[in-house]
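> Sequence unavailable; structure follows:
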Ligand code: 8X3
């Protein structure tokens, strides 16, 4: 029987690429996302299961846990993202709330709901998609860095709390990844600002690069826990230090 992997935010970007890759690795992938048409299309493409799920809504997350079934081998907490990039003095608390709700509380809700099934698999893995923003600071990034530091701390704390149990707890922290939506959402649909993020960068990472790393992390022998993998394009030495043509 194929082992089950649950991927949140599976309708685009890193989530969709990860769902495709884990299906190719032999998992039955439960694809969770808010947009029904997109998540259904991805699930159909890979022979997985689509679940319309908003990680900020408990009823919705309960539905995801029910659809995932009694045993889940891998949970990829990918739903989340950035909203805005203003200095703290100019920032909107509502944007911070939105980022905290999706990245931090969303990760909490889904992890909590699926832990019994991860445990029941006898060899579970929780993989949280963090960010380099979860490990340092950059100007204009405070709302997002605060949220992703939260994700990093959930990862560390859960690993301590589950010590001795058959569930690994891991984090991947990507740097610059060019996807269709991350920067577009961050800048409220402003295409010019979104494109400027990657302007002149020879090769930003792709969603497939991150899916490849995630695949490697979750397919190590079960006694190997990759605590944290930081992945940046060669052109990026830090969030603010990017080689451009
Ligand atoms: C995305 C990386 O540098 O925009 O998680 O914070 S960054």
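Arrived safely, thanks for sending. Being a predicted model, the structure only gives us computed values, none of them experimental.

> Which parts of the chain are helices?
For the chain, applying DSSP state H gives helices covering 13-24, 36-46, 58-68, 93-99, 106-120, 142-161, 182-186, 191-198, 207-218.

> got a markdown table for these, with mean pLDDT too?
As requested, the helices of the chain are exported to a markdown table (pLDDT from 0 to 100):
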| stretch | mean pLDDT |
| --- | --- |
| helix 13-24 | 98 |
| helix 36-46 | 98 |
| helix 58-68 | 98 |
| helix 93-99 | 98 |
| helix 106-120 | 98 |
| helix 142-161 | 98 |
| helix 182-186 | 96 |
| helix 191-198 | 96 |
| helix 207-218 | 98 |
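
> out of those, nearest to the ligand?
With CB to the nearest ligand atom as the criterion, the ligand lies closest to helix 142-161 of the helices of the chain, at 5.9 Å. Bear in mind the C-beta positions are built from the backbone N, C-alpha and C, glycine included.

> so the closest one versus helix 106-120, what angle?
Compare the direction of helix 142-161 with that of helix 106-120 by axes from the mean of the first three to the mean of the last three CA atoms, to 10 degrees and you get 20 degrees.

> biggest strand in this protein, by residue count?
Scanning the chain for the strand with the most residues, using DSSP state E, yields strand 167-174.

> which other helices and strands contact it?
Applying 3 or more CB pairs under 8 Å, 6 or more residues apart in numbering; DSSP states H and E, one finds that strand 167-174 makes contact with helix 106-120, strand 124-129, helix 142-161, helix 207-218, strand 228-231.

> Mind doing that once more with 7 Å?
Helices and strands touching strand 167-174, by 3 or more CB pairs under 7 Å, 6 or more residues apart in numbering; DSSP states H and E, are strand 124-129, helix 142-161, helix 207-218, strand 228-231.

> Distance of the most centrally placed residue in the chain relative to the ligand?
In the chain, the centroid-proximal residue (CA atoms, centre = their mean) is residue 78; its distance is 2.0 Å. Using CB to the nearest ligand atom, to the nearest Å, we find residue 78 at a distance of 11 Å from the ligand.

> who in the protein is up against the ligand?
131, 132, 133, 141, 144, 174, 175, 239 (CB under 6 Å from any ligand atom).

> So which of those is the closest to residue 186?
residue 144 (7.9 Å; CB to CB).

> which residue sits closest to the closest one, ignoring its sequence neighbours?
Among residues not flanking residue 144 along the chain, residue 82 sits closest, at 4.2 Å (CB to CB, 6 or more residues apart in numbering).

> cool, and residue 26?
Closest residue in space to residue 26, ignoring its immediate chain neighbours: residue 2 at 6.1 Å, by CB to CB, 6+ apart.

> That neighbour touches residue 25, doesn't it?
No: judged on CB atoms under 7 Å, residue 2 makes no contact with residue 25 at a distance of 10.0 Å.
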